[in-house]
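**Student:** here is my input; please provide its structure:
(4 chains)
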2 protein chains.
Amino acid sequence: MSKSNNVYKDAYNRGLRLLDETKSLPSEPELGTLLGVSRTTIRTILARMEETGLIAWNKRSKTVLRVPRPDDFFPEEETDTLSQIIERSFMRRLLAGGAEPGMQINELELAREIGVGTTSVREFLIRFSRFGLIEKRRNSHWVLKGFTRAFALELTEIREMFELRSAAAFAALPEDSPVWADLDLLEGEHRLLAREIATRFNEFSELDERFHRLIHRASHNRFIVDFYDVIAMIFHYHYQWNKAQERERNEVAVTEHLAYIAALKSRDLGKVDAACRKHLKSARNTLLTSIPEGQQPQRA
Amino acid sequence: MSKSNNVYKDAYNRGLRLLDETKSLPSEPELGTLLGVSRTTIRTILARMEETGLIAWNKRSKTVLRVPRPDDFFPEEETDTLSQIIERSFMRRLLAGGAEPGMQINELELAREIGVGTTSVREFLIRFSRFGLIEKRRNSHWVLKGFTRAFALELTEIREMFELRSAAAFAALPEDSPVWADLDLLEGEHRLLAREIATRFNEFSELDERFHRLIHRASHNRFIVDFYDVIAMIFHYHYQWNKAQERERNEVAVTEHLAYIAALKSRDLGKVDAACRKHLKSARNTLLTSIPEGQQPQRA
DNA sequence: ATAATGTCTTTTATCGTGAAAAAACAGTTT
DNA sequence: AAACTGTTTTTTCACGATAAAAGACATTAT
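**Tutor:** Numbers count the residues shown, from 1 in each chain, chains lettered A, B, ... in the order given. Got it, this is the predicted structure:
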C-alpha cells in the first residue's frame, strides 16, 4: 500500500473552501503557500477540481465554475496522518482501562490491530516516548509506565517551574514587544468566552493552549517551549476522557486566566507570581482528581 | 543485510572475560542475566566457544579448556549498535564544521554516506530530536538548529533549574536513605582522583556523569532524570571536541564537586545552593568558551 | 526581467520481508 | 519440584522497494 495520499486529500478539502470566496484561483505557488503543500500536490488538486467540473483550468486562468457540494469533499477520516491514527488508537487503549502500569507493549500486535506496518508503530513509539509514559527495554519490548498519580505530579512539577519562569520573563518584556498585542487579543477572546460560557465552554481547551503557549514562548528556551507539547498532549486526552463538571471547571479557568492576564499587564512580578500559582494549582487539582486512584504502579 | 549480530558479538567478548576467572561456566539462564542477553544468544555464544576449543560443553557441564587469546575476541567495531554508529557519524559531521545552522538534513544522503538503511537513520533522527539540535519540517526535511551559543544557554538554564531543585531534594533526604552511602563512595573516588589528577584527569567525565545523575535521581521526577541525557550527550561530545586545558578544567571541577558533596552532607540548604551554583556556573563557562563565536543562527 | 507553468528528479513515508534476538513451550536432570 | 537444557514460536531490527510529495530545472507568458 506504501503511502496514503492524505496530504493531498486534506489540502483538497481545504482548497474547496477557497472556491466559496473567489471567482478565480491564484497562481500555483501562491496556492502552495496558502495550503502549506508543494506545487506537485497543488497541481494534483487542480487536476481533480477540473475533472469534477469545479473549475476551468487553462495555464494561468483557473475560473471557478460552481460552488462545492458536500459530496465534493473527501471523507474526514481519509485526511488523517498515519501517526494521528496510531496515536488515537494507542491512547484509546491506554485510557480505556485494563492498561496496567508495567504492562508490555507489543509493536507487532499494535501494528496488526491498527492495520499498519511495524515501522510506523515503531516510529510513533519513539516519538511518544518523550512524554514519559512508556519506556524501552533495549533489544526488547516497551514497557507502559502508565498514566498514574506519580506521572501527573511529576508533570505538573515541571510545568509549574517552567511557567512561573516564563510568566516572569513575559512580564519583563519591553513595552514595544508584539506579545502585548497578542495578549490583548487573547484577553478579548477570554472576555467573549466568559460572557457565553454556558454554551461555548467546550471551546476553552483550544484557547487555553494558545494562551499558555504564548507565555511559554517568552522564556525563549526551546526546552521550555517544547515541554508544552507534553502538557498539551496530556490535557488534550484528559479533556476528552473526563467530562465531569467541564463547564464549571472551564468557567473557573477563564476567570483565573483573566486575573493572570491582568497581573501580566501590571508588570508587578509579585502579582504575576501569585496569579500564575493560583491557576496552576487548580489546573493540577483538576488533573489529579481525574486519575483513577486504584491504578498503582507495578513491578515489571 | 537485514540485522547485524552485534548483540551476540558484544556479549561474546564480555563472555570471554569470564573464562579468565573460573574453571567452569554457570547455567544458561544465569549467564543470560550476567551478560544481559537472552538464552538464545547465550547458546550461540557457547556453541562458538566450544567450536574454538575454549570450552567443553555438554549439557550442564561447561568446562573451561583454555584462556582466551587476543584473537578470540571479535573486533571492537563489530560490537557497536547501529544507532551508535549513526550517532557517531552524525555528530562528527555536526562538529567537524561546515554544519551551519539552518542547513537541511537529508535522510537518504546520510543513510548512503553511513552505509545503512533509511529507516535506521529516520529512527535515529526522531530519537535525536529531543536534544533540541534538529527540527522536523512536516512531510519534508529536517533542519539543523546547530550547536550554537543560544543552544548552550538554553540548555544550561534548564540544567541549573533542575539541579538546584534536585540538590535541595537530596539534602532533605532522610539519614537512612541509601543515597548517602552512594555519595560517600563517590566522595572517595573523587578524593582518589584528586590525588592522581595529573595522570588520570581524563577519567573525570565518567565520574562527573555518575555524580550528577545521583543528584538528579533525588528529584524523583522522570522529566528531570531524563533531561540529564541531553546534558550527558552534549558534554560527551564536547569533551571529545574540546581538549584545551582539559587537565586544569577537571582539576577545578573535582574540587568543586568535593565542596558540593560537603555541602550536601551538611544538609544546610544555603550551603548546598551556593556550592551547586558555583559549580554549575563554571560548567556553563567551560561549555560556552568552547563554542565557536562565528557560528550565528541563520534563517531557513 | 520576473513570475508563472510544464516536466523531470529527488526525497520522504510506508510497507513487506528476512535474519537476529527474545520469549514461550516442552522435555530432562538433579 | 525446581531448575536446567532442547526446541519452537514470536518479536524486534534493519533492509530494499514503491507510491506520494517535495523540490529542481527548463520553458513560456506577461
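**Student:** partners of the residue of chain A positioned farthest from its centre in the sheet?
**Tutor:** Farthest-out residue of chain A from its mean C-alpha position, per Cα atoms, centre = their mean: A:Asn58, at 39.1 Å. For A:Asn58, the beta-bridge partners are A:Ser61 (DSSP bridges).
**Student:** what separates the helix or strand that contains A:Glu123 from the chain centre, distance-wise?
**Tutor:** For A:Glu123, the host element (DSSP states H and E) is helix A:118-128. Distance, stretch centre to chain centre, for helix A:118-128: 19 Å (Cα atoms, centre = their mean, to the nearest Å).
**Student:** could I get the buried residue list for stretch A:171-180?
**Tutor:** The neighbour-count check on stretch A:171-180 (16 or more other Cβ atoms under 10 Å in any protein chain shown) flags A:Ala171 as buried. Placement of C-beta: from N, CA and C, glycine included.
**Student:** what does it rub up against?
**Tutor:** Stretch A:171-180 is touched from outside by A:Phe170, A:Leu214, A:Arg217, A:Ala218, A:Ala263, A:Leu264, A:Lys265, A:Arg267, A:Asp268, A:Leu269, A:Val272, with contacts defined as Cβ atoms under 8 Å, 6 or more residues apart in numbering or on different chains.
**Student:** rounded mean pLDDT for that stretch, please.
**Tutor:** Averaging pLDDT along stretch A:171-180 gives 97.
**Student:** and if you look at stretch A:115-125?
**Tutor:** 98.
**Student:** quickly check: that stretch near DNA strand D or not.
**Tutor:** Yes. Residues of stretch A:115-125 contacting DNA strand D under Cβ under 7 Å from any atom of the strand: A:Thr118, A:Thr119, A:Arg122.
**Student:** distance of the last one from DNA strand C?
**Tutor:** The one in question is A:Arg122. Distance, A:Arg122 to DNA strand C, using Cβ to the nearest atom of the strand, to the nearest Å: 9 Å.
**Student:** what pLDDT does A:Arg299 get?
**Tutor:** At A:Arg299, the predicted lDDT confidence score is 36.
**Student:** what residues sit buried inside the helix holding A:Glu123?
**Tutor:** A:Ser120, A:Val121, A:Arg122, A:Glu123, A:Phe124, A:Leu125, A:Ile126, A:Arg127, A:Phe128.
**Student:** what of stretch A:14-34?
**Tutor:** Judged by neighbour count using 16+ other Cβ under 10 Å, the buried positions of stretch A:14-34 are A:Arg14, A:Gly15, A:Leu16, A:Leu19, A:Leu25, A:Glu28, A:Leu31, A:Gly32.
**Student:** enumerate the residues of the stretch 1-150 of chain A near DNA strand C.
**Tutor:** So far as Cβ under 7 Å from any atom of the strand goes, the stretch 1-150 of chain A lies against DNA strand C at A:1-4, A:27-30, A:39-40, A:43, A:59-60, A:62, A:81-83, A:116-120, A:137, A:139-141.
**Student:** which of the residues you listed are buried?
**Tutor:** Buried by 16+ other Cβ under 10 Å: A:Glu28, A:Lys62, A:Leu82, A:Val116, A:Ser120, out of those.
**Student:** quick one: which of the residues you listed is nearest B:Gly102?
**Tutor:** If you rank these by distance to B:Gly102 using Cβ to Cβ, A:Glu28 comes first, at 26.0 Å.
**Student:** from chain B, how far out is the residue in the stretch 51-200 of chain A that DNA strand D sits nearest to?
**Tutor:** Closest residue of the stretch 51-200 of chain A to DNA strand D, Cβ to the nearest atom of the strand: A:Glu107 (3.3 Å). In this view, A:Glu107 and chain B are 12 Å apart by Cβ to the nearest Cβ, to the nearest Å.
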